[in-house]
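[1] Return atomic coordinates for the entry below.
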Amino acid sequence: MRDYNQTPFIVIWEVTRMCPLHCLHCRAEAQLHPYPGELTTAEGKKLIDEIYRMDNPLLVFTGGDPLMRADIYELIGHASQKGVRVSITPSATPRLTRKAMRRTKEAGIARWALSLDGPDAATHDYFRGFRGTFERTMKAIKTLNELNMPFQINTTVTQYNVDKLPEIAELMARLGAVVWTLFFLVPTGRGDRLKPISPELHESVMHWAFQLQEHVPYMITTTEGQFYRRVMYQGNVTRINEGLTTIGRFHDDLVRAPRGTNDGNGFIFVSHTGDVEPSGFLPIVCGNVKDKTLAEIYRNSPVLQALRDPDGFKGKCAICEFRYMCGGSRARVYAVTGDYLASEPYCVYMPQEVCESGMTDKTV
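    Below you'll find the predicted structure:
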């Protein structure tokens, strides 16, 4: 099994911050022109080579809108030729054409990921800041199906759209998505203006998603919702005890690791300028690939080493029996408390040690 102290399961490369949309939750504060210092084509290929040598993790091209980068097909082709599994997360802009989708397929993209934050144009377009993005996304999905390109849908869960999740779930099956990823809001970038759902509702949504998994043809995963792993585990233990089969496929090479990842722990982010961060939602710079290799930074950064040691977490996360499986969203912890080792503020679960000792969450 992959050793997360040495190599990540997934690398996210923000190839650019250019994007014409004004999404309410955008952590990148995207703009129409390249920021100074973006990695060049040569620097990008060098980074891809380094990623490949780190036991060939999954590579995701993100942004901004990666399709706004002029050399994106060249970069995809370079990665694909080396045998790197590549995914892409484009924005629903006029660049999202059949030609672009066909070119990415020819260059070697293994999977697309599109965002859908509502089951209808009114909800989704408001979230994305532009009219027409829902319609364009629907058209893109139709084209991907015609091209036999597998795709996943990412939905940011906030107070604004949480009541719409059942409708989106029904839509997922009709659209033919292979994965539905629920991204639980981290209040950073533009996202700090949005209202996250309550801790209790986080738990409720995750239990709902677990039960839903038994009845839908696609895989349900979470981003920055690490305690979904606990919910799945507890739910399946109950089912086994009741003589029922377990729910959920626990591994998919292009989306779900064989064991849990977390910010900086099996998961790493490279910015448009080469800064390495635990994730795009945990903006602590641990080094830059222009100065050191990604492997050196990932393995030796004190911040990343601390994030890979759940025994060093604080509060109830430090004593939770699920800390190695879950560990809480380190990005959300940092955004809310300013301390990336603090206890997950949106998890309602009380560890056994707390319950047995008579302590409360406030005294942990």
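[2] For Pro310, which non-adjacent residue is spatially closest?
    Leaving out its chain neighbours, the residue that sits closest to Pro310 by C-beta to C-beta, 6 or more residues apart in numbering is Arg323, at 3.9 Å. Glycine gets a C-beta too; all of them are placed from N, C-alpha and C.
[3] which ones are touching the one you found?
    310-311, 313, 317 (C-beta atoms under 8 Å, 6 or more residues apart in numbering).
[4] do Thr16 as well
    By C-beta under 8 Å, 6+ apart, the contact set of Thr16 is 34, 38, 63-66, 68-69, 272.
[5] so it sits in a strand?
    No. Under DSSP: H, G, I helix; E, B strand; the rest coil, Thr16 falls outside any strand and is assigned coil.
[6] per-residue confidence at the nearest residue to Arg102 once chain neighbours are set aside?
    Distance criterion C-beta to C-beta, 6+ apart; nearest residue to Arg102, sequence neighbours excluded, is Leu147 at 6.4 Å. For Leu147, the model assigns a pLDDT of 95.
[7] ok, now which ones touch Leu147?
    98, 101-102, 105.
[8] how about CSV for these, with distance to Arg330 and neighbour count added?
    Shown next, in CSV, are these (distance: C-beta to C-beta, whole Å; neighbours: other C-beta atoms under 10 Å):
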residue, distance to Arg330, neighbour count
Arg98, 39, 14
Met101, 34, 22
Arg102, 38, 13
Lys105, 35, 16
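[9] surely Thr158 meets Phe183?
    No. At 9.6 Å, Thr158 does not count as touching Phe183 under the criterion of C-beta atoms under 8 Å.
[10] Please enumerate the strands of the stretch 201-350 of the chain.
    Taking DSSP state E, counting those that start in this stretch as the test, the strands found in the stretch 201-350 of the chain are 219-223, 262-263, 266-270, 275-277, 287-288.
[11] What does His78 show for phi and psi?
    phi -60, psi -40 (degrees, to the nearest 10).
[12] Can you verify my assumption that it contacts Lys46?
    No. If you go by C-beta under 8 Å, His78 and Lys46 don't touch, sitting 10.0 Å apart.
[13] Give me the more crowded residue out of the two.
    His78 (20 against 16; other C-beta atoms under 10 Å).
[14] On the pLDDT front, check the more buried one for me.
    97.
[15] now Ser279
    Ser279 is assigned 95 on the pLDDT scale.
[16] what's it in contact with, if anything?
    Neighbours of Ser279 in contact, by C-beta under 8 Å, 6+ apart: 12, 224, 263-264, 267-269, 330-331.
[17] closest to Pro8 among the contacts of Leu147?
    Checking those against Pro8 with C-beta to C-beta, the nearest one is Lys105 at 25.6 Å.
[18] Across the sheet, point out what pairs with the most centrally placed residue in the chain.
    The centroid of the chain falls nearest to Thr223 when counting by C-alpha atoms, centre = their mean (4.3 Å). Taking DSSP bridges as the rule, Thr223 bridges to Phe183.
[19] Distance of Tyr126 relative to Leu165?
    16 Å (C-beta to C-beta, to the nearest Å).
[20] I misspoke; the intended subject was Thr238.
    From Thr238 over to Leu165 the distance is 23 Å, taken as C-beta to C-beta.
[21] quick one: pLDDT of the residue nearest to Phe184 when sequence neighbours are not counted?
    Among residues not flanking Phe184 along the chain, Gly225 sits closest, at 4.2 Å (C-beta to C-beta, 6+ apart). On pLDDT, Gly225 comes in at 93.
[22] how many other residues sit next to Gly225?
    Using other C-beta under 10 Å, Gly225 has 25 neighbouring residues.
[23] Is it in contact with Gly328, as I believe?
    No. Between Gly225 and Gly328 there is no contact under C-beta under 8 Å: 9.9 Å.
[24] related to what we said a few turns ago, tell me how far the residue nearest to Arg102 lies from Glu38.
    Applying C-beta to C-beta, the value for Leu147 to Glu38 is 29 Å.
[25] do the same with Ser204
    Remark: distance between Ser204 and Glu38 (C-beta to C-beta) = 41 Å.
[26] Between these two, which has more neighbouring residues?
    A count of neighbours by other C-beta under 10 Å puts Glu38 above the other of Ser204 and Glu38, at 19 against 14.
[27] Quick check: which element contains the more buried one?
    For Glu38, there is no host helix or strand (DSSP states H and E).
[28] Contact partners for it?
    15-16, 272-273.
[29] if we go to 6 Å?
    Glu38 is in contact with His272, counting by C-beta atoms under 6 Å, 6 or more residues apart in numbering.
[30] Then Asp275?
    By C-beta under 6 Å, 6+ apart, the contact list for Asp275 reads 285, 288.
[31] For burial, what's the neighbour tally of Arg69?
    Arg69 has 22 neighbouring residues, counting by other C-beta under 10 Å.
[32] Let me see the backbone angles for it.
    Phi and psi for Arg69, reported as degrees, to the nearest 10, are phi -90, psi 120.
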